[in-house]
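**Q** below are the sequence and a predicted model; questions follow.
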Amino acid sequence: MKDIVATNTMHKGWLLLFLVWILATIGTLASLFFSEIMKLPVCSLCWYQRIAMYPLVVILPIALFPFDAKVTRYAGVLVLVGWLIALFHVLLVAGYIPKSAQPCIQGIPCSETHINILGLINMPIMSLFTFSLMGLLLFLVKKPESL
Amino acid sequence: MNKKILFIGTSLIIIVTFIAAVTIFQTNQTKNPSVDNLNKVERANAPTKGPFNAKVTIVEFFDPACETCSVFYPLVNDLIKKYPGKVKVMMRYAPLHQGSDQVVKILEAAHLQGQFWPAVDILFKEQPRWTRHHVAEPQSALRLLTNLPLDRELFMRDLNSDNINNTISQDVMDGKMLKVRATPQFFVNGKPLINFGYKQLTQLVEEAIDEVY
């Protein structure tokens, strides 16, 4: 009985981690689609978020086979860094952080966004949402017993 | 469910979706050069080379300080020769490099005296002599053009005239509308060159020739 519970809880953690991997992969491919296919320019803040997101695509599968609960530590750091930069970016676009504070290459202002759905959803918002969700799921991976 | 099968299956679904999205996006883009954009691609009085009644127009948004533009310059000239009477080239300014905004003014002032092509010939050929680490030096560029038969006084007056400023702002604005973010950016009869390369450009020109001749 104990064994079954153990595999079940591990299974939940595994599935959650698998979901995080799916999010990271879709986020990675979507960002590459925007820059490489649609040829939208990438500002430096977007690059920093990419740096935090792309490695997850490769390291999460290593934590999936076999399942490694410690993944929360090393993937969590990346997610946290990405989340903080995404938050900064969202605030910058929303105008809460003055423009002069932005580290940007000339011609590609981070304070502008290309995509604007319903005047609300833009690229940094999507990024912040994705990092938040990944962070939440990773947190739940660590505490499978709470499910 | 077997974890490995789940993982591999999901990977495949994601990859196939991505490839499908790329394919759909690219076919849509080559099919529909939006008609609105057509008027923005060409500008009357922009420097043009080739027979005026040629039905295929290559419009090149260029920056005189751009290395790839100087590499492409002879190749584009070859296209005019390769399809005699059918192809002409129009040059439009896209000063993206630091300092280039002054150099395109020099070119436009030369253009007003009918010396655009000789001037751009020299600037592309001598590009390393007036650019340092991708920063243009307008004074050095100007010195290279001293041998051209230009009315100096008129030239210097033109250089800062509203006329030239307006022309260049027009090009920069149209470039923005057309999403010109890198140079050279080519349009052939209004259709943008999506996949960059000389072969692809030739192909786009050939398609346009087949369409109108």
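**A** Structure's in. What do you need? Numbers count the residues shown, from 1 in each chain, chains lettered A, B, ... in the order given.
**Q** how many residues are close by the residue in chain B positioned nearest to chain A?
**A** Per C-beta to the nearest C-beta, B:F18 is where chain B lies closest to chain A, at 4.9 Å. (Glycine included, C-beta is placed from N, CA and C.) If you count neighbours by other C-beta atoms under 10 Å in any protein chain shown, B:F18 ends up with 18.
**Q** just the element for it, please.
**A** B:F18 is part of helix B:3-31, with elements assigned from DSSP states H and E.
**Q** go on, B:F61?
**A** Using DSSP H and E, the element containing B:F61 is strand B:56-62.
**Q** can you give me how far that strand is from the chain middle?
**A** Distance, stretch centre to chain centre, for strand B:56-62: 6 Å (C-alpha atoms, centre = their mean, to the nearest Å).
**Q** and if you look at stretch A:56-67?
**A** A distance of 15 Å separates the centroid of the chain from that of stretch A:56-67, by C-alpha atoms, centre = their mean.
**Q** list the buried residues of that stretch.
**A** Within stretch A:56-67, the residues scored as buried using 16 or more other C-beta atoms under 10 Å in any protein chain shown are A:L56, A:V57, A:L60, A:A63, A:L64.
**Q** now what about the strand holding B:F61, what contacts it?
**A** For strand B:56-62, contacts defined as C-beta atoms under 8 Å, 6 or more residues apart in numbering or on different chains pick out B:41-42, B:69, B:72, B:76, B:79, B:83, B:86-94, B:171, B:175, B:178, B:180, B:183-189, B:201, B:205, B:208-209, B:212.
**Q** before we move on, back to that, the closest residue to the residue of chain B closest to chain A other than its chain neighbours: neighbouring residues, count only.
**A** Among residues not flanking B:F18 along the chain, A:L29 sits closest, at 4.9 Å (C-beta to C-beta, 6 or more residues apart in numbering or on different chains). Neighbour count of A:L29, defined by other C-beta under 10 Å: 17.
**Q** likewise B:T202?
**A** Neighbours around B:T202, by other C-beta under 10 Å: 16.
**Q** B:T68 now?
**A** Neighbours of B:T68 (other C-beta under 10 Å): 13.
**Q** same check, this time on B:Y213
**A** 11.
**Q** what about A:L84, how many neighbours?
**A** Neighbours of A:L84 (other C-beta under 10 Å): 15.
**Q** should've said B:T10
**A** Counted with other C-beta under 10 Å, the neighbours of B:T10 add up to 14.
**Q** apart from its chain neighbours, what residue comes closest to it?
**A** Nearest one to B:T10, counting by C-beta to C-beta, 6+ apart, is A:I22 at 6.3 Å.
**Q** the inter-axis angle of the helix or strand containing the one you found versus helix B:3-31?
**A** Using DSSP H and E, A:I22 maps to helix A:2-32. For helix A:2-32 against helix B:3-31, the angle between stretch directions is 10 degrees (axes from the mean of the first three to the mean of the last three C-alpha atoms, to 10 degrees).
**Q** what about the contacts of strand B:56-62, which are in strands?
**A** B:V87, B:K88, B:V89, B:M90, B:M91, B:R92, B:Y93, B:Q185, B:F186, B:F187, B:V188 (DSSP state E).
**Q** now, which of those lie close to chain A?
**A** Checked against chain A using C-beta under 8 Å from any C-beta of the partner chain, the ones in strands among the contacts of strand B:56-62 yield no neighbours at all.
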